[in-house]
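A.B. asks: The following block contains a protein sequence and its predicted model.
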Amino acid sequence: MSLTTDALSRAAPAAEALPGPAQTLHALALYGVGVGAYSITHALRPALIAHDLACWLDCPRPVRAQLLLAGPVHDIGKTAVPPALLNKPGMLTLAERRLVQLHCRIGAAILQRRSHPLLQFGAMLAEAHHEWFDGGGYPGRLRGGQIPWPARIFAVADVYDALIEPRPYRHAMPEEKALSIIVDGAGTQFDPLVVDAFLRNLDRIHQRLDDVGALLAAGDAGEILHQFYLDESQWLQAA
């Protein structure tokens, strides 16, 4: 689902009803989807799954709220990556891959421009969600406890959703294969505690995916993103 110019123009004034930081995140998420940097599904599903994982891992309420609200802009740095690279049907060259990997630090820089704690959390998430538990990720080659706990949670949700979503260079991966990648990545790419929580709650994760699918079938991306932030910004007061 993409955003039309008409949808963008309708959504912009509607965002004025949101609290300040949620308004900023809504605008950034809307822009990212609108320019094709990522899909509406990949904006919403990892945020919702990460929020649920944080609940099952007994994370404090503020962390759960921040994952939910900042999650949709984790890939905002991709708005600075040439669309030809994001949509390339074949394998990227090493130079192209390094260019795409810059999206983590670009996204962090975009979100760090505002001092609100929620946006600073979003900057951390944008920068650290591709770090690997064994230190083999990017951009900082952080390992284990050096990686912020919320980013370790989000990494599992992000990769799982990316695997089951079609991309220009491949079809959507079958569920069984996607799960095998998550399982095999425990202790290398992913924190084993997060993988364990993910696997123990697969039925509820699948229900989340079904819920998002039904939502997307019922409206356009601009209206859905606005309603998401309108509904979930209650966490700003509750956290």
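C.D. replies: On my side now, so go ahead. Numbers count the residues shown, from 1 in each chain.

A.B. asks: could you give the mean pLDDT of stretch 117-128?
C.D. replies: Confidence over stretch 117-128 (mean pLDDT, whole number) is 97.

A.B. asks: roughly how far out does that stretch sit from the chain middle?
C.D. replies: 11 Å (Cα atoms, centre = their mean, to the nearest Å).

A.B. asks: which parts of it are buried?
C.D. replies: 118-128 (16 or more other Cβ atoms under 10 Å). Placement of C-beta: from N, CA and C, glycine included.

A.B. asks: Between these, which sits nearest residue 56?
C.D. replies: Within those, the smallest distance to residue 56 is 18.5 Å, found for residue 125 (Cβ to Cβ).

A.B. asks: for the closest one, helix, strand, or coil?
C.D. replies: Of the three states, residue 125 takes helix under DSSP: H, G, I helix; E, B strand; the rest coil.

A.B. asks: helices and strands of the chain: which one bottoms out on pLDDT?
C.D. replies: helix 5-14 (a mean of 43; mean pLDDT, DSSP states H and E).

A.B. asks: Beyond it, next helix or strand please.
C.D. replies: Note on helix 5-14: by DSSP states H and E, the next helix or strand toward the C-terminus is helix 20-34.

A.B. asks: Send me that next one as PDB with only the CA atoms.
C.D. replies: Only the C-alpha atoms of helix 20-34 are listed here, as PDB (Å, rounded to 0.1, in the frame of the first residue of the first chain):
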ATOM      1  CA  GLY A  20       4.100  16.900  20.000                       C
ATOM      2  CA  PRO A  21       6.400  13.900  19.800                       C
ATOM      3  CA  ALA A  22       3.800  11.600  18.400                       C
ATOM      4  CA  GLN A  23       3.000  14.300  15.800                       C
ATOM      5  CA  THR A  24       6.700  14.300  14.800                       C
ATOM      6  CA  LEU A  25       6.800  10.500  14.600                       C
ATOM      7  CA  HIS A  26       3.600  10.400  12.600                       C
ATOM      8  CA  ALA A  27       4.900  12.900  10.100                       C
ATOM      9  CA  LEU A  28       8.200  11.000   9.700                       C
ATOM     10  CA  ALA A  29       6.500   7.600   9.300                       C
ATOM     11  CA  LEU A  30       4.100   9.100   6.800                       C
ATOM     12  CA  TYR A  31       6.900  10.600   4.800                       C
ATOM     13  CA  GLY A  32       8.900   7.300   4.800                       C
ATOM     14  CA  VAL A  33       6.000   5.300   3.500                       C
ATOM     15  CA  GLY A  34       5.000   8.000   1.100                       C
END
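
A.B. asks: what's in contact with whichever strand or helix holds residue 207?
C.D. replies: Element membership for residue 207, per DSSP H and E: helix 202-218. Residues from elsewhere that reach helix 202-218 (Cβ atoms under 8 Å, 6 or more residues apart in numbering): 1, 40-41, 44-45, 48-49, 52, 160, 164, 179, 198, 224.

A.B. asks: Thank you kindly, that will do.
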